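[1] what shape does this take:
(chains A and B)
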Number of protein chains: 2
Amino acid sequence: MTQSVPETFKGFGVDKKENWNKPKLVEYKHKQINPHDIVLENEACGLCYSDIHTLQSNWGPYNRNDLVVGHEIVGKVIAVGSAVTQFKVGQRVGIGAGNSACRECGRCNHDNEQYCKKMAGTYNNVDPRSNGYVTQGGYSSHSIADEQFAFAIPESLPSTAAAPLMCAGITVFSPLIRNLGKDAKGKTVGIIGIGGLGHLAVQFANALGAKVVAFSRSSAKKEQALKLGAHEFVATGEEKDWTSKYDDEFDFILNCASGIDGLNLSDYLSVLKVDSKFISVGLPPAKEQFGVSPFTFLKNGVAFGSSLLGSKTEVTEMLRLAAENDIKPWIEEVPISEENCSKALERCVAGDVRYRFVFTEFDKAFN
Amino acid sequence: MTQSVPETFKGFGVDKKENWNKPKLVEYKHKQINPHDIVLENEACGLCYSDIHTLQSNWGPYNRNDLVVGHEIVGKVIAVGSAVTQFKVGQRVGIGAGNSACRECGRCNHDNEQYCKKMAGTYNNVDPRSNGYVTQGGYSSHSIADEQFAFAIPESLPSTAAAPLMCAGITVFSPLIRNLGKDAKGKTVGIIGIGGLGHLAVQFANALGAKVVAFSRSSAKKEQALKLGAHEFVATGEEKDWTSKYDDEFDFILNCASGIDGLNLSDYLSVLKVDSKFISVGLPPAKEQFGVSPFTFLKNGVAFGSSLLGSKTEVTEMLRLAAENDIKPWIEEVPISEENCSKALERCVAGDVRYRFVFTEFDKAFN
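    Numbering: from 1, shown residues only, chains lettered A, B, ... in the order given. Presented below is the predicted three-dimensional model:
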């Protein structure tokens, strides 16, 4: 350790789902620092809808009663483990929703470490490499992560702009380049839902060279979508025959809406090209399902799937592209505190955010 | 026309779903012979489960009351339309489930004519290119199809062996080569359901060079599956922890079971490699659905889809591979007649077939 790491970290934690919107200042022992781990002093953290799903127990139970969420973290390295090769103390680094993995399996060794079956997530996850420590997120003073799950932030990206790229950004960027390639010229992509995920997807799809069609239920976000880089905009609730206009046009459709409830899957599948995919990255509560049959996919030979985060290689490529093309999330900065965490969580649930809250002023809150 | 085509054709037709298992000898006017059409005198026709779904109205209503099914047809060309370039009178030719398409769209011109949005199926389909004629299938004396949906049968394949390849064969072959490539060495594929579709999928997947794992509920078909070319066999109802044995092993899984009812989708998705697909070609009644959520696909970033038939290019490649590797359906020949159609349909519903009925002796039935 090149700098002393405090024995305990501080954060804004919640004890149970009934208090999902009432984070309190908590103090907790940090997880052990493994040889490949780095320790950050946090500077900024985005509010991801996953934070709310977790705090509301939509995806499962609490694994600790001082649960700190947040996995769009940017901070400064204050210590590195004995085997760390990629980072130095003082560097500005981001951490996303993945925290560590086995480093040994085929997935870890072939640019799919986010799919490692032993990956530990950044919060509320039991870390098998730290004696079962339940991980704590970034609404906190410090963070620890394996260097494979930490990313150098380009100079030109402010920490507040980089933070939402750590989860929302890579969540949309990975399926975009896996399905469109790095040069998407001549291809058409549909982005459903202009929110925290979608407003980044539109920017990245545009930067990759694709023709971008943004889908939203109403035309309320039309101007914003076009400003973000969408070439066309469809208000599905207002244009009843939009599918005939886009017959056989789409090489790929990315669903960034927060759920699939009320989404007419058949309409979207009908405008896909043969053999292409509809990928949903918006994750609803685990119990929400919708019915499909092979017939749903038969007419175009298409497939429905999902995608989880992205590899370090992809995060690096995303950050390069963002820096070069001035791609930034549209954010509202919120000085972190009990009161402001509460307000931001509530406003996010109400849909009252364009498009991402980013907590700031960590030094004031935790010193 | 180089030979006179009879004004009416004969076949074994059904008037309504209550009589699905009671085909009667019927006579009907044939559809108009368009410039690209060829006319066959039928020699053999396989019984596909689609015939039963159609006769039982599982997929929709009857479009005529003398409905003749059957879309695994082999016969001899007796006449060709004025613009036909690929076939001559006297040639042995197969026709599958597709009958004609628009010949103009991108799909028709890029090896995806089976996905043409104006394709007419071989039976019970309204043909927009023949004044709305409702097409009639191959339990009949003659067939008419566009030459793009007709396939020259290699010398070495008997008509009875070639017939089931026209639908069952290409239905499994197309997704296999689209997902594994023509050289599948080093790849592992799972084939679910050893029946009319699955027993061909095992043979083709083996011929493409893949490691083939056959899945069935019980071990009743184990020996047969291994004989067909499966390298390994899993009785999912008897081996409770088969998923751990095959962790991260599969490049592709093809579901050939007749439905999805009782099929544990999550188990199969859990053994797929990252970014791969589970494709279901067994088509259940249209109302049967199963519930999925993006979470179902999240852990491996996989997708669920379907696939429809295959292009002419793919059928040609399949027939070449079948001839070279002596790939043949396991069939039971049935001289076509009212009584035998009835028995075969009933035995097929009862699962009493290993693995395909093929109707023969058309000359006796229709002369």
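
[2] any idea which helix or strand comes after the helix or strand bottoming out on mean pLDDT in chain A?
    None of the helices or strands of chain A scores lower by mean pLDDT, DSSP states H and E than strand A:290-292, at a mean of 73. The element immediately downstream of strand A:290-292 (helix or strand, assigned by DSSP states H and E) is helix A:294-298.

[3] can you give me how far that following helix is from the chain middle?
    Its chain's average C-alpha position is 30 Å from that of helix A:294-298, according to CA atoms, centre = their mean, to the nearest Å.

[4] distance of the residue nearest in space to the middle of chain A from residue A:18?
    Taking CA atoms, centre = their mean as the criterion, residue A:167 is the residue nearest the geometric centre of chain A, at 2.2 Å. Going from residue A:167 to residue A:18 by CB to CB, to the nearest Å gives 25 Å. The way it works is simple: take the backbone N, C-alpha and C, and place the C-beta from them, glycine included.

[5] packing partners of the least confident helix or strand of chain A?
    Packing partners of strand A:290-292 (3 or more CB pairs under 8 Å, 6 or more residues apart in numbering or on different chains; DSSP states H and E): strand B:290-292.

[6] wait, doesn't the residue nearest to the centre of chain A sit right on residue A:95?
    No. Using CB atoms under 8 Å, residue A:167 makes no contact with residue A:95, being 9.5 Å away.

[7] overlap in contacts of these two?
    Taking CB atoms under 8 Å, 6 or more residues apart in numbering or on different chains as the criterion, residue A:167 and residue A:95 both touch residue A:71.

[8] mind showing which ranges of the stretch 251-367 of chain A have poor pLDDT?
    By pLDDT under 70, the low-scoring segments of the stretch 251-367 of chain A are A:259-261.

[9] kindly report the residues of the stretch 101-250 of chain A close to chain B.
    A:105, A:106, A:107, A:112, A:115, A:117, A:178, A:247, A:248 (CB under 8 Å from any CB of the partner chain).

[10] who are the contact partners of the last one?
    Translated: residue A:248. Residue A:248 neighbours (CB under 8 Å, 6+ apart): A:271, A:273, B:105, B:106, B:107, B:117.

[11] redo that, cut-off 7 Å
    A:271, A:273, B:106 (CB atoms under 7 Å, 6 or more residues apart in numbering or on different chains).

[12] for the second one, phi and psi?
    Summarising the backbone geometry of residue A:273 under the convention degrees, to the nearest 10, its torsions are phi -70, psi 160.

[13] wait, doesn't it sit right on residue A:252?
    No. Contact criterion CB atoms under 7 Å: residue A:273 and residue A:252 do not qualify, at 8.7 Å.

[14] flag every buried residue along the least confident helix or strand of chain A.
    Buried residues in strand A:290-292, counted by 16 or more other CB atoms under 10 Å in any protein chain shown: A:290, A:292.

[15] who's in contact with it?
    A:260, A:265, A:304, B:289, B:290, B:291, B:292.

[16] next one: stretch A:143-160
    A:30-31, A:33, A:36-40, A:42-44, A:73-75, A:84, A:86-87, A:91-96, A:98-101, A:113, A:162, A:312, A:315-316, A:319, A:322-323, A:331, A:333, A:358, A:360.

[17] how far off centre is it?
    14 Å.

[18] same question, stretch A:31-50
    14 Å.

[19] same check on stretch A:84-91?
    Centre to centre, stretch against its chain (CA atoms, centre = their mean), the figure for stretch A:84-91 is 24 Å.

[20] residue A:226: what secondary structure?
    helix (DSSP: H, G, I helix; E, B strand; the rest coil).

[21] who's the nearest residue to it once chain neighbours are set aside bridged to?
    Spatial nearest neighbour of residue A:226, chain neighbours left out: residue A:233 (6.1 Å); criterion: CB to CB, 6 or more residues apart in numbering or on different chains. Beta-bridge pairing for residue A:233 (DSSP bridges): residue A:214.

[22] pLDDT wise, what is residue A:233 at?
    We have a pLDDT of 98 for residue A:233.

[23] what's around it, how many residues?
    The local packing of residue A:233 (other CB atoms under 10 Å in any protein chain shown) involves 20 other residues.

[24] please apply the same query to the one 4 residues further on.
    Other residues lying near residue A:237 total 11 when counted by other CB under 10 Å.

[25] which residues are in contact with it?
    With CB under 7 Å, 6+ apart, residue A:237 has these contacts: A:217, A:218.

[26] work out for me the element it sits within.
    Counting by DSSP H and E, residue A:237 is part of no helix or strand.

[27] quick one: pLDDT of it?
    92.

[28] just the ones of the residues of the stretch 101-250 of chain A next to chain B in helices?
    residue A:178 (DSSP state H).

[29] farthest-apart pair in the residues of the stretch 101-250 of chain A next to chain B, please.
    Within these, A:105 and A:247 form the most distant pair, 42.7 Å apart (CB to CB).

[30] what about these two, which has more around it?
    residue A:105 (18 against 11).

[31] right, and that one touches residue A:116 too?
    Yes. Using CB under 7 Å, residue A:105 is in contact with residue A:116, at 5.8 Å.

[32] could you measure from the closest residue to residue A:133 other than its chain neighbours over to chain B?
    Of all residues not flanking residue A:133 in the chain, residue A:31 sits nearest, at 4.0 Å (CB to CB, 6+ apart). Distance, residue A:31 to chain B, by CB to the nearest CB, to the nearest Å: 23 Å.
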